[in-house]
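Student: fold the following and give me the result.
(chains A, B and C)
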Amino acid sequence: MSFSSIFKFLTPKDKTFIPLFEENAKLMVEGAVLFNKLFLVTDLAEKSSLMIRIKEVEQKGDEVTHRIFEELNKSFITPFDREDIHELASSMDDVLDFINSSSQRIRYYKPKHLGEEFVELSELVLQASREIHKAISELRDLKHTFKIKDACVRINEIENNADDIFYHSISKMYENETDPIEIIKKKEILLSMEEATDKAEDVADVLKSIIVKNA
Amino acid sequence: MSFSSIFKFLTPKDKTFIPLFEENAKLMVEGAVLFNKLFLVTDLAEKSSLMIRIKEVEQKGDEVTHRIFEELNKSFITPFDREDIHELASSMDDVLDFINSSSQRIRYYKPKHLGEEFVELSELVLQASREIHKAISELRDLKHTFKIKDACVRINEIENNADDIFYHSISKMYENETDPIEIIKKKEILLSMEEATDKAEDVADVLKSIIVKNA
Amino acid sequence: MSFSSIFKFLTPKDKTFIPLFEENAKLMVEGAVLFNKLFLVTDLAEKSSLMIRIKEVEQKGDEVTHRIFEELNKSFITPFDREDIHELASSMDDVLDFINSSSQRIRYYKPKHLGEEFVELSELVLQASREIHKAISELRDLKHTFKIKDACVRINEIENNADDIFYHSISKMYENETDPIEIIKKKEILLSMEEATDKAEDVADVLKSIIVKNA
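Tutor: Next up is the predicted model:
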């Protein structure tokens, strides 16, 4: 029996951290939905409004993350190890940051055309966000840890998949795209999208660590 | 009353960490002043000598950072939480690292022309360094924590400002610059300068955490 | 006498972490040897088989790293500070990750020609890996800490050396290479190789911290 398990009996039901994590997971999915939509609409005004909304969602996420850090500094008792709470908050914040930075790069770099691989990557980012949301909802009582484990397995698969799409897109682009400036723009956007799934994997790593310690 | 506050009464006045942090803050400002000057002088020999001096300042900063880590490993009692001291030293080191790496990129990439946006970004890096210096001077007695808070607020504003300038410069460059090699060079330099302000924000985050815990 | 030294007498000889670290150090050297070979063979099929083997080695390394994290979460007593074990495992994993990502970039980007600077950098990555391997073998009994210190000094020299080669190669490339797409490809590959040595320096930093605490 681990230290954390002993303390669990003494710890009052958390009413601070879990709701904040749930709020951030919801914002992450919201950002990922808007981001995915960006590749499905063609109207420029609509695209522009989506990018502004993604930035707003990211700023809301920042505020929630800061609240988690503040609570962490003030609280003596926490539902999980302090470093895991810190790491979970940071990595969830990173996912939304990279979603927003991908959107901002599209906004400011104005690439001529974004092919099918961008749609696919945005779908993977959305799937990863949904899996994180599912896992976070299970943190409250930790009764169905297998659901968290399953979500983590799927996040790992999604990240591997994103990695493959990333490398193949870059490879294809070097072969077919003749305008070096377009290559630079697209590479930066693809990179930022791929990094969003990398950060989702970091979230999965912390979640796995929380489960093991609270088993 | 937090754990740290209880210990504060028992802790002898720190004579190890605070002076080292002050030394590093001074080096950071020194590096940022030299870096800003780089965009104001036109003489090539003078530019070259500035770049060499920036590298020297960065190496001195490295030494101070290593001394902080060594003291941290040896000390049983520290003026703040160990992880905060570690994080503060690393993030301050990162600011100076990115100032130097921006300078080195200019040195080795030899871009043809660096416009007004580079001057502006270098001023923001300098402002952020001065704010960090001010905040660090308040760590010694923590009597005027509002001054640290104010510095953190300004560092956040500076970072937001740098982010805007970064994206607008990149966007403008993609529209006006026709030489892809110049784009690559300038993008890398802008990125490194923007990252210096990102790291300044990391410094502000640790400072905020130190204040909350020692309130 | 530090806390860790007191505990050392009480700690049973570690049979969990050290063997896993040794396994990972061996995999790192294996990956670095294969990677260095990549620049020495000319046969395309052989190159391709080397890249596949590097990826396999990296995946094995991932598994060992995950096992270390799992053990860390389960263990109450550890041979070194928990955060040092975590940091050592992560940074060793990063070295092998960057070796593989350099190899993958060569595989997918298909640059036309990789000059002498690539061979040199791959040799430095290999040297750094061997130094890490040597240092890790000394962790078991910590009787010859000077050997770990020496390895760390050499890793720092290797990293400085790699940094110089990196900047000079980039600088030379900007002067001589006229195809911007080739510049983009090579810059990304050089960057990833240079980052492998950066991560080796992170490994050295943790090793130094472990020595100081257990002195």
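
Student: for chain A, longest helix please?
Tutor: Criterion DSSP state H: the longest helix present in chain A is helix A:180-213.

Student: now do it against helix C:180-213, angle only.
Tutor: Counting by axes from the mean of the first three to the mean of the last three CA atoms, to 10 degrees, helix A:180-213 points 30 degrees away from the direction of helix C:180-213.

Student: how close does the nearest residue to A:F17 once chain neighbours are set aside get to B:V212?
Tutor: The shortest distance from A:F17 to any non-neighbouring residue, by CB to CB, 6 or more residues apart in numbering or on different chains, is to A:P79 (5.6 Å). The C-beta positions use only the backbone N, C-alpha and C, and glycine is treated the same way. Applying CB to CB, to the nearest Å, the value for A:P79 to B:V212 is 19 Å.

Student: more crowded one of the two?
Tutor: A:P79 (24 against 17; other CB atoms under 10 Å in any protein chain shown).

Student: nearest residue to the most centrally placed residue in chain A in space, please, no chain neighbours.
Tutor: Closest residue to the average C-alpha location of chain A: A:V95 at 3.1 Å, with CA atoms, centre = their mean. Excluding its sequence neighbours, the residue lying closest to A:V95 (CB to CB, 6+ apart) is A:K199, at 4.5 Å.

Student: pLDDT at the one you found, what is it?
Tutor: With respect to pLDDT, A:K199 scores 97.

Student: you'd agree A:Y174 is up against C:K110?
Tutor: Yes: A:Y174 is within contact range of C:K110, at 6.9 Å (criterion: CB atoms under 8 Å).

Student: show me what from chain A comes close to chain B.
Tutor: Within chain A, the positions near chain B by CB under 8 Å from any CB of the partner chain are A:69-70, A:73-74, A:76, A:83, A:104, A:108-110, A:180-181, A:184-185.

Student: using a markdown table, lay out the residues you listed together with distance to B:E87.
Tutor: As requested, these are exported to a markdown table (distance: CB to CB, whole Å):
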| residue | distance to B:E87 |
| --- | --- |
| A:F69 | 12 |
| A:E70 | 16 |
| A:N73 | 13 |
| A:K74 | 18 |
| A:F76 | 21 |
| A:E83 | 12 |
| A:Q104 | 27 |
| A:Y108 | 31 |
| A:Y109 | 33 |
| A:K110 | 37 |
| A:P180 | 39 |
| A:I181 | 39 |
| A:I184 | 34 |
| A:K185 | 34 |
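
Student: and those, which is closest to C:K13?
Tutor: Within the residues of chain A next to chain B, the smallest distance to C:K13 is 27.1 Å, found for A:E83 (CB to CB).

Student: average pLDDT across the helix or strand containing that closest one?
Tutor: In the assignment (DSSP states H and E), A:E83 maps to helix A:82-109. In this model, helix A:82-109 has a mean pLDDT of 95.

Student: so which elements touch that helix?
Tutor: Taking 3 or more CB pairs under 8 Å, 6 or more residues apart in numbering or on different chains; DSSP states H and E as contact, the helices and strands that helix A:82-109 lies on are helix A:17-37, helix A:44-74, helix A:116-137, helix A:180-213, helix B:145-176.

Student: in it, which residues are buried?
Tutor: A:84-109 (16 or more other CB atoms under 10 Å in any protein chain shown).

Student: hmm, back to that, sec struct for the residue nearest to A:F17, please.
Tutor: Under DSSP: H, G, I helix; E, B strand; the rest coil, A:P79 falls in the coil class.

Student: what do you get for A:K143?
Tutor: A:K143 ends up coil, using three-state DSSP.

Student: what about it, how many residues nearby?
Tutor: A:K143 - counted by other CB under 10 Å - has 8 other residues nearby.

Student: what sits up against stretch A:60-76?
Tutor: For stretch A:60-76, contacts defined as CB atoms under 8 Å, 6 or more residues apart in numbering or on different chains pick out A:16-17, A:20-21, A:23-24, A:27-28, A:31, A:78, A:82, A:85-86, A:89-90, A:92-93, A:96, B:2-3, B:205, B:208-209, B:212-213.

Student: over to stretch A:188-200?
Tutor: The contact list for stretch A:188-200 (CB under 8 Å, 6+ apart) reads A:91, A:94-95, A:97-99, A:101-102, A:105-106, A:109, A:111, A:114, A:117-118, A:121-122, A:124-125, A:128-129, A:131-132, A:155, A:158-159, A:162-163, A:166, A:169-170.

Student: which stretches of chain A have low pLDDT?
Tutor: A:1-12 (pLDDT under 70).

Student: who in it is up against chain C?
Tutor: Close to chain C, as judged by CB under 8 Å from any CB, chain A has residues A:2-3, A:167-168, A:170-171, A:174, A:180, A:183-184, A:187, A:205, A:208-209, A:212-213.

Student: swap the cut-off to 7 Å and go again
Tutor: A:167, A:170-171, A:174, A:180, A:183-184, A:209, A:212-213 (CB under 7 Å from any CB of the partner chain).

Student: top of those by neighbour count?
Tutor: A:I170 (23 neighbours).

Student: dump the residue contacts of it.
Tutor: By CB atoms under 7 Å, 6 or more residues apart in numbering or on different chains, the contact list for A:I170 reads A:187, A:190, C:108-109.

Student: quick check: it vs C:L96, distance?
Tutor: 21 Å.

Student: try A:Y174
Tutor: A:Y174 is 25 Å from C:L96, by CB to CB.

Student: A:S122 too?
Tutor: 30 Å.

Student: SS state for the residue of chain A most remote from its centre?
Tutor: Residue farthest from the centre of chain A, counting by CA atoms, centre = their mean, is A:T178 at 32.9 Å. Here A:T178 takes the coil state, with states given by three-state DSSP.

Student: OK, contacts around it?
Tutor: No contacts exist for A:T178 under CB under 7 Å, 6+ apart.

Student: switch the cut-off to 10 Å
Tutor: C:I181 (CB atoms under 10 Å, 6 or more residues apart in numbering or on different chains).

Student: burial measure for the nearest residue to A:E117 once chain neighbours are set aside, as a count.
Tutor: Closest residue to A:E117 in three dimensions, ignoring its sequence neighbours and counting by CB to CB, 6+ apart: A:S169, at 4.0 Å. Using other CB under 10 Å, A:S169 has 22 other residues around it.

Student: so A:S169 sits against C:Y109, correct?
Tutor: No: A:S169 is beyond contact range of C:Y109, at 11.8 Å (criterion: CB atoms under 10 Å).

Student: understood, closing this out.
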